[in-house]
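*Asks:* Provided below are the primary sequence and the corresponding predicted coordinates.
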Amino acid sequence: MRIKHTLLALLFGFSACSPTAEVIHETHFMMGTLVEFTIAESSGDTDKAITAAAEEMQRIENLFTIYGDQQNAVKTFNTSKPGTNIELPKEIASLLNISLQIAKKTHGAFDPTLANLNKLWGFSQSPPPTSPPNKQAIEAARSHIHCIKQINANWQRNTDQCQLDFGAIAKGFAIDRGIEVLQSFGIHNAIINAGGDMRIIGNKYGQPWRIGLKHPRKEGAMIATLPLQGDISIVTSGDYERFYIHQGKRYHHILDSNTGYPAKASQSATVIASNATLADAWSTALFVLGEKGLKLAQQQQLEVLLIDKDGNIHTTPSMKVRLQ
Ligand code: AMP
Ligand code: MG
């Protein structure tokens with residue numbers, strides 16, 4: 001689905017002799033969310049560039065999704081007989097390697113092998129559930145990051161519970177691929193925003209882009225607005241994105257593989273990283289880790305704004321500077 005609206009926007013601060021500055025917006029529905037392309041350039045083949053970027057992002061979604069009827073290598077792996085060798089396409093093996101490295105660094109807070117558990121909770125299904133699964137089913141569905149191993153070019157899973165789910169990283173990877181496509185068309189001032197997860201490049205006709213950080217409990221309110229420019233990826237994981245309240249308790253889509261239940265430490269975790277793939281994976285990991293993950297985040301050169309379960313804000317020093 002594609003919604004297109006090219007705006008001729010008069011930018012404040014733009015010099016009087018300049019013509020109106022064109023900001024192009026185009027929205028596509030994919031990866032279960034609205035993906036908005038914004039381009040602050042009037043020259044070049046912006047139309048073709050956005051179409052090509054959207055097609056590439058759709059290709060990435062098709063490659064990694066574990067939902068829908070279309071077959072892909074991730075689904076083949078997830079239904080393979082435990083202990084058999086499966087060769088994964090390069091892009092999948094590469095993202096899996098990045099995922100497993102982050103899983104290792106976060107001691108499984110980020111876990112790309114919990115598709116089985118995730119399906120049981122059902123947050124990606126339509127309509128979403130309204131009550132949690134029972135304890136025994138959760139226990140039976142759990143797996144462990146060590147359930148998967150690489151043997152040269154092949155991969156094996158060792159139990160039926162061990163199933164890949166790239167839901168916490170593939171959106172970021174798709175954004176990175178989309179930006180690369182825009183750049184290949186000569187575009188250097190743009191944003192790809194996939195439901196609040198974004199990578200920005202350049203600026204808005206000499207002004208920084210202004211990016212709002214959502215308040216996790218006040219619909220429509222912002223925690224802060226950051227002026228950003230250059231090449232920056234900023235991604236948020238939050239317990240308000242997909243959730244239901246059952247008997248007064250909030251159940252949401254980011255799971256703690258230690259317990260098998262939705263992670264409890266945070267309301268939201270926002271990460272700025274060098275690319276959207278890393279920002280996406282680490283925002284999920286830091287959401288699960290909560291405040292205690294900030295030291296690790298700093299060691300990884302990440303900028304983080306974390307809102308803990310009680311609504312208190314914690315930041316890394318570099319993020320604090322941006323907020324001032
Ligand atoms: P995100 O919204 O980027 O934080 O990713 C959440 C999605 O990633 C969920 O819908 C699941 O598909 C998957 N997921 C849930 N919990 C985890 C986790 N602890 N580690 C990795 N992926 C997860
Ligand atoms: Mg993520």
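*Replies:* Nice, I can see it. What you are looking at is a predicted structure, and each value in this text was computed from that prediction instead of being measured. Numbering: from 1, shown residues only. Ligands and ions are numbered 1, 2, ... in the order given.
*Asks:* Give me the residue at the spatial middle of this structure.
*Replies:* Centroid-nearest residue in the chain: Asp280, 3.8 Å away (criterion: C-alpha atoms, centre = their mean).
*Asks:* Which element, helix or strand, includes Ser99?
*Replies:* helix 90-105 (DSSP states H and E).
*Asks:* Low-confidence stretches in the stretch 51-200 of the chain?
*Replies:* Scanning the stretch 51-200 of the chain for pLDDT under 70 picks out nothing.
*Asks:* what's the next secondary structure element after the helix holding Ser99?
*Replies:* In N-to-C order, the element after helix 90-105 by DSSP H and E is helix 115-121.
*Asks:* That following helix close to ligand 2?
*Replies:* No - Helix 115-121 lies apart from ligand 2 when judged by C-beta under 5 Å from the ion; the minimum separation is 12.7 Å. In short, each C-beta sits where N, CA and C put it, glycine included.
*Asks:* Using PDB, write out every CA atom in that helix.
*Replies:* This file holds the C-alpha atoms of helix 115-121, laid out as PDB (Å, rounded to 0.1, in the frame of the first residue of the first chain):
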ATOM      1  CA  ALA A 115      10.000 -17.400  17.600                       C
ATOM      2  CA  ASN A 116       8.200 -20.400  19.100                       C
ATOM      3  CA  LEU A 117       7.700 -18.500  22.400                       C
ATOM      4  CA  ASN A 118       6.700 -15.300  20.600                       C
ATOM      5  CA  LYS A 119       4.100 -17.200  18.500                       C
ATOM      6  CA  LEU A 120       2.600 -18.600  21.700                       C
ATOM      7  CA  TRP A 121       2.200 -15.100  23.100                       C
END
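*Asks:* Give me the phi and psi angles of the closest residue in space to Asn118 that isn't next to it in sequence.
*Replies:* Spatially, and ignoring its direct neighbours in sequence, Asn118 is nearest to Asp165 (5.3 Å; C-beta to C-beta, 6 or more residues apart in numbering). The phi and psi torsions at Asp165 (degrees, to the nearest 10) take the values phi -140, psi 110.
*Asks:* again with Gln301
*Replies:* phi 60, psi 40.
*Asks:* quick one: pLDDT of it?
*Replies:* Note on Gln301: pLDDT of 97.
*Asks:* Quick one: residues contacting it.
*Replies:* Ala273, Ser274 (C-beta atoms under 8 Å, 6 or more residues apart in numbering).
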